[in-house]
Structures are given as C-alpha cells and as structure tokens.
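[1] Just to be clear, the model below is a prediction. Sequence and coordinates:
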Protein chains: 2
Amino acid sequence: MTMSKRDTYTPDSLLAVAVEVFNERGYDGTSMEHLSQAAGISKSSIYHHVRGKEELLNRAVGRALEGLFGILEEPESCDGRAVERLEHVTRRTTRVLMEELPYVTLLLRVRGNTGTERWAMERRREFDQRVSALLKAAVAEGDLRADVEPRLATRLLFGMINSIVEWYRPDGKGALDGTQVGDAVVRLAFDGLRT
Amino acid sequence: MTMSKRDTYTPDSLLAVAVEVFNERGYDGTSMEHLSQAAGISKSSIYHHVRGKEELLNRAVGRALEGLFGILEEPESCDGRAVERLEHVTRRTTRVLMEELPYVTLLLRVRGNTGTERWAMERRREFDQRVSALLKAAVAEGDLRADVEPRLATRLLFGMINSIVEWYRPDGKGALDGTQVGDAVVRLAFDGLRT
C-alpha cells in the first residue's frame, strides 16, 4: 500500500519521476503500480495525466530526440565545411546528453518491444545516419582521414559520447559540465590524444 | 517441461550456454530453470557440473578478466615509452573484447548484487586504473596532450572500446575483425580523425 500524497504533479514533473523508474527497472519491468509507488499518488491519479506507461515513454524519448534533432537545425550544423559542422554536432550532442541525461539514457536503452520503442530506435538510427553522412562529407572534402571506414568512425564516435551516461552524475563532487566534456570529446576524436 | 537431451557438456560448452542466457535475461533475471531449459538438460545435470549460477558467473567474468589482465603482462605493455605501451593495450583490449565478446559483455553489465559481481567490478576498476596510470605516464613523458584530464580521457577511451559490444556481431555480413577495429580505435584516439 502507498501513502498517497496530494496529486500536485505537472506533466513534466510526473514525467521526471517515470523516467527515473524506467531507467532503474527497465521499461519492460515497470508497471503502473511501480510508477504509482514512486510518485506517491494512486494509479487513477496517474491515469488522470496519461493514458498509460507507453505515453510516458513516448514523451520521454520524444524529449531526448527533440534535443538531438534540434542540434541538426542549428546554423553551425548547416553552414560551412562539413568538418566544422561535425565538430559542432559532436560538441552539442555531448552537451544535450549531459543536460537531458535521464531522457537520453532511456532513449539509448530502448529495445524495441512496443511501437513507441521501435519508433524511438528508428529515429535514433536516423540521427546516427545524418551524422554519418556529415562525416562522409568531411572525408570527401579532404578534412578527415579516409583510412577509418566512415560507418565505423561514426560508431566509435557515438560509442564515446553515449558511454558518458554510464558514469556522469550531475550532482557528483567536482562534476564536469557539458562544455568541458564536449571539448574533451572533440579534442580526442578530431585531433587525437597525441601531442 | 524440457525435453532433456543427454548431458554431453564440457565445463566450457556449458559456460557458453550460461553466458548467453545471462546476457539475454540479465544475471539477476536468470534462474537455474532458465539455464536448464537453454542447455536442454535437467537442473540436477547442471548441478553435476557446478554448485550454482554464481559459479558460472564467476568462471565467465573470470575468463574475461584473465584475457584483459593478460594484456598487461605482454612485453609490449611493459617495455618502452608509455604512449607505445598504451597504444598496444588499446589495440589488444579491443581484440580481446571482440574475441571474448559474450564474456566481456557480461563483465561490462555486472551490477554488484552478489560477492562475485562486486569482485568483478573491483577487478574491472583495477584494470581501468592500470590503463589510466599508463595514460598519465604518457602525458608526463610529453607524448600525450595535457589539456584533456587523464581520468576523463581514460573514460572516453574505454567508452569507445566498450561500446563495441553494442553493435559487433562476429557472424554478421562483412564483419570486421579485431585487428581492423583495433587499428581504427588507435587511429581515432591517438591521432584523431582530422587529416
């Protein structure tokens, strides 16, 4: 039994609670009962806000995807040499991941058992392909090396960025911010660790 | 009910089946019943080989850790400039990960609910620290840039390597081998993507 508290949730604050539970238990392993317990309000109060847990997933991964696709619309992602655009996208993707940490973490863990999950995976692949195309363009313009296969390079680049969700805790002692980590990722990926 | 087949398992072949189930369902979510079903032999036949699932976990992550720590004993990891040793460790870690894919995948997913899991996490941290120390030494020798904090650089480097478990399938069409991917990781991390 849950000691129900008064339902003072907004759509955003309820979503934040749900995303935390999804990341902790996995989306498949989360029931409306778990959400009700974590929020401290009854299941029917939750149904007052949303039709069910898939709607919460939809909003959560939608928020992550909006942040990521928004990057591709920024002027610095659209104009200039491909390598500069790619550097901008790399730096900004790192920042969005860190600023929207729980939402992007959920997006990266989605596995494809429901329509919403498959849609999220499809959109994520689309984002990766847009970045991969930029990388290919930068190779064609002669600014990036041609001896690392572009799809592999894109995978390793995203591997590095996405792995940040495994260790970054925004409230940790001496926590780095998105700009610092974004700069480090760009230095490592584009110029390499060697002096 | 399982149609039991004759128990012709060796310790290694039973371990391979168990690791597959652990990676699929998570270690916590795997029961002896699941293992029995996947192996097609009775639970008591499994108990003939091992005391329980924690022993299987112990052997599986032990195999991954042996592969990883073995790298640090190779002559190329011990002699010469730190940057060369670090490059060797990076290339070899990528190869071991790809050659021992299910075992290393399991090691990376272990979460710390049992003694064996906590031991595995502790050993993994130790490996990371040994590599981080090598990276620091290479910065001190002036071969690696000092403007990326060494712990962050180590995390991003492992992030890139470890992310390979997310997409690499050894039997995939046109699958790359460990040497090709290891070379790509070293190029990207040490020399960067820029020409």
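    Structure received. Predicted model only: the values in this text are computed from it and were never measured.

[2] contacts, neighbours, all on C-alpha from now
    OK.

[3] Could you spell out which stretches of chain A belong to which domain?
    Using automatic domain parsing, the domain parsing of chain A gives A:11-50, A:60-191.

[4] Single out the most deeply packed of those domains.
    domain A:60-191 (a mean of 18; mean count of other C-alpha atoms under 10 Å in any protein chain shown).

[5] Check the offset of that domain from the chain's centre.
    Put simply, domain A:60-191 sits 8 Å off its chain's centre (C-alpha atoms, centre = their mean, to the nearest Å).

[6] What's the end-to-end length of it?
    Length of domain A:60-191, first residue to last, C-alpha to C-alpha, to the nearest Å: 35 Å.

[7] can you check stretch A:63-83 too?
    27 Å.

[8] Give the rounded mean pLDDT of that stretch.
    Throughout stretch A:63-83, pLDDT has a mean value of 97.

[9] Listing request: residues of chain A with sub-threshold pLDDT.
    A:1-4 (pLDDT under 70).

[10] any idea how far residue A:33 is from residue B:76?
    Distance from residue A:33 to residue B:76, by C-alpha to C-alpha: 55 Å.

[11] quick one, what contacts the residue of chain A at minimum distance from chain B?
    For chain A and chain B, the shortest gap (C-alpha to the nearest C-alpha) falls at residue A:192, measuring 3.7 Å. When contacts are counted by C-alpha atoms under 8 Å, 6 or more residues apart in numbering or on different chains, residue A:192 touches B:187-193.

[12] give me that answer again for 10 Å
    A:185-186, B:144-145, B:186-194 (C-alpha atoms under 10 Å, 6 or more residues apart in numbering or on different chains).

[13] Out of those residues, which sit inside helices?
    A:185-186, B:186 (DSSP state H).

[14] tell me which of the residues you listed is nearest to residue A:117?
    Closest approach between the ones in helices among the contacts of residue A:192 and residue A:117, by C-alpha to C-alpha: residue A:185, at 28.3 Å.

[15] Give me the residue at the spatial middle of chain A.
    For chain A, the residue nearest the mean C-alpha position is residue A:104 (2.3 Å; C-alpha atoms, centre = their mean).

[16] any idea which element that residue lies in?
    Taking DSSP states H and E as the definition, one finds residue A:104 inside helix A:101-109.

[17] Just give the closest residue to residue A:100, not the sequence neighbours.
    residue A:64 (6.7 Å; C-alpha to C-alpha, 6 or more residues apart in numbering or on different chains).

[18] actually residue A:151, not the one I typed
    Nearest to residue A:151 is residue A:132, by C-alpha to C-alpha, 6+ apart, at 6.4 Å.

[19] Looks like that neighbour contacts residue A:85 (just checking).
    No - at 11.9 Å, residue A:132 does not count as touching residue A:85 under the criterion of C-alpha atoms under 10 Å.

[20] hmm, back to that, looking at the ones in helices among the contacts of residue A:192, which is nearest residue A:16?
    residue A:185 (27.7 Å).

[21] Now do the contacts for that closest one.
    Applying C-alpha under 10 Å, 6+ apart to residue A:185 gives the contacts A:87, A:90-91, A:94, A:157, A:160-161, A:179, A:191-192, B:148, B:152-153, B:156-157, B:189.

[22] and it, how far is that from residue B:22?
    Taking C-alpha to C-alpha, one finds residue A:185 at 32 Å from residue B:22.

[23] One more: residue A:35?
    27 Å.

[24] any idea which helix is longest in chain A?
    Max-length helix for chain A by DSSP H is helix A:115-140.

[25] so it versus helix A:101-109, what angle?
    Between helix A:115-140 and helix A:101-109, the angle comes out at 90 degrees (axes from the mean of the first three to the mean of the last three C-alpha atoms, to 10 degrees).

[26] Beyond helix A:115-140, next helix or strand please.
    Past helix A:115-140, the next helix or strand by DSSP H and E is helix A:150-162.

[27] still on that earlier bit, among the ones in helices among the contacts of residue A:192, which one sits closest to residue A:53?
    residue A:185 (34.8 Å).

[28] For the residue nearest to residue A:31 when sequence neighbours are not counted, give its distance to residue B:67.
    Spatial nearest neighbour of residue A:31, chain neighbours left out: residue A:53 (7.8 Å); criterion: C-alpha to C-alpha, 6+ apart. Plainly put, residue A:53 is 42 Å away from residue B:67 if you go by C-alpha to C-alpha.
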